[in-house]
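Build me a model from this:
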Amino acid sequence: MTTRRRVLGMAVRGGALPVDAMELSPIKAIELRASRLPDVVSLAQGIPSFDTPEPIKNYVIQKIAEGACAKYSLTPGLPQLRELISEELRRDGMQYDPDGEIIVTCGAIEAVSATLLATVEPGDEVLLASPSYASYIPAVQLAGALPRFVPLNEDANFDLDPDAIGRAITRNTRAILLCNPNHPTGTIYSPAETVLLRQARDTGHRTLNGKSMLVHQAAASFCHCVFRDELAARGLLHDRTYQQVLEIMASQF
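Take a look at the predicted model:
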């Protein structure tokens with residue numbers, strides 16, 4: 001209800017809803033066009049080229065036969081799944097309560113959008129890397145915020161440029177939203193630059209403290225190890241302000 005009132009309030013003050021300025025994601029637009037053509041191989045999404053493994057099929061068939069799929073799931077996700085996610089995070093040194101700190105969503109964009117709606121206000125700025133995942137822009141706009149782009153360091157294989165991000169921070173900056181590995185370059189941000197980014201977040205502007213750094217960890221299974229080792233070496237492994245907020249766990253669960 002709070003979000004609904006806020007959106008309606010923006011409509012009254014500004015004369016238009018944030019959704020009025022939104023456009024279909026280029027990825028989805030290309031995917032829809034490709035679906036109308038015969039024998040087209042779509043590279044718009046990371047869809048496997050192989051069929052679902054038999055053990056997974058059999059498990060799903062078993063659950064359907066047991067009636068486990070005949071009713072709504074719990075809104076935050078099944079308790080067993082949230083407990084498994086908590087255990088996996090704990091193995092990486094991160095302590096999160098499965099009942100109060102972990103939510104399972106239908107894809108990462110739902111999590112990104114919900115988090116932005118809960119943390120930013122109309123007129124706030126959200127820093128995005130450039131190039132960046134195309135679907136972030138409408139998610140930021142839906143929250144009534146303004147996307148502001150900061151170029152990656154092309155000479156360092158499109159790694160983060162903490163100094164540039166620090167300079168881009170203003171009193172209107174509310175969040176920094178990153179995708180790791182970066183989409184579309186595929187760059188896995190170096191742990192050293194990621195730590196420097198957090199430091200820039202705290203020192204680049206006097207109003208920056210308390211801002212959110214949201215990381216859409218799109219490939220947690222092979223990114224966690226390098227970040228864990230780097231943070232452990234710096235004595236920051238258990239500092240929650242360095243830990244990823246949003247992660248796609250489907251690759252592991």
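
Could you count how many residues lie near Leu152?
24 (other CB atoms under 10 Å). From N, CA and C alone the C-beta is placed, and that goes for glycine too.

How about Ile61?
For Ile61, the neighbour count with other CB under 10 Å is 10.

In terms of helices and strands, where is it?
Per DSSP states H and E: Ile61 is located in helix 54-65.

Report the backbone C-alpha coordinates of that helix in PDB.
C-alpha atoms of helix 54-65 as PDB (Å, rounded to 0.1, in the frame of the first residue of the first chain):
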ATOM      1  CA  GLU A  54      16.200 -36.700 -16.000                       C
ATOM      2  CA  PRO A  55      16.700 -36.600 -12.100                       C
ATOM      3  CA  ILE A  56      15.100 -33.100 -12.100                       C
ATOM      4  CA  LYS A  57      12.300 -34.300 -14.300                       C
ATOM      5  CA  ASN A  58      11.600 -37.300 -12.200                       C
ATOM      6  CA  TYR A  59      11.700 -35.200  -9.000                       C
ATOM      7  CA  VAL A  60       9.100 -32.700 -10.400                       C
ATOM      8  CA  ILE A  61       6.900 -35.600 -11.600                       C
ATOM      9  CA  GLN A  62       7.100 -37.100  -8.100                       C
ATOM     10  CA  LYS A  63       6.100 -33.800  -6.400                       C
ATOM     11  CA  ILE A  64       3.200 -33.300  -8.800                       C
ATOM     12  CA  ALA A  65       2.000 -36.900  -8.100                       C
END
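
Is Asp155 located within a strand, as I assumed?
No - Asp155 is assigned helix when assessed by DSSP: H, G, I helix; E, B strand; the rest coil, not a strand.

distance of it from Leu32?
36 Å (CB to CB, to the nearest Å).

The two - which one has more neighbours?
Leu32 (11 against 8).

Checking that one next. Helix, strand or coil?
The three-state assignment at Leu32 reads helix, by three-state DSSP.

Just the pLDDT for the spatially closest residue to it that is not a sequence neighbour.
Leaving aside its sequence neighbours, Leu32 sits nearest to Leu24 (CB to CB, 6 or more residues apart in numbering; 8.0 Å). We have a pLDDT of 77 for Leu24.

hang on, Leu24 is in a strand, isn't it?
No - judged by three-state DSSP, Leu24 forms no part of a strand; its state is coil.

Show me the shaky parts of the chain.
Applying pLDDT under 70 to the chain picks out residues 1-19, 21, 44-46, 198-253.

end-to-end on stretch 165-182?
16 Å (CA to CA, to the nearest Å).

buried sites along that stretch?
165-166, 168-169, 173-182 (16 or more other CB atoms under 10 Å).

Endpoints of stretch 132-143, how far apart?
So stretch 132-143: terminal residues 18 Å apart, CA to CA.

how about Arg148, phi and psi?
Main-chain torsions, Arg148, degrees, to the nearest 10: phi -130, psi 130.
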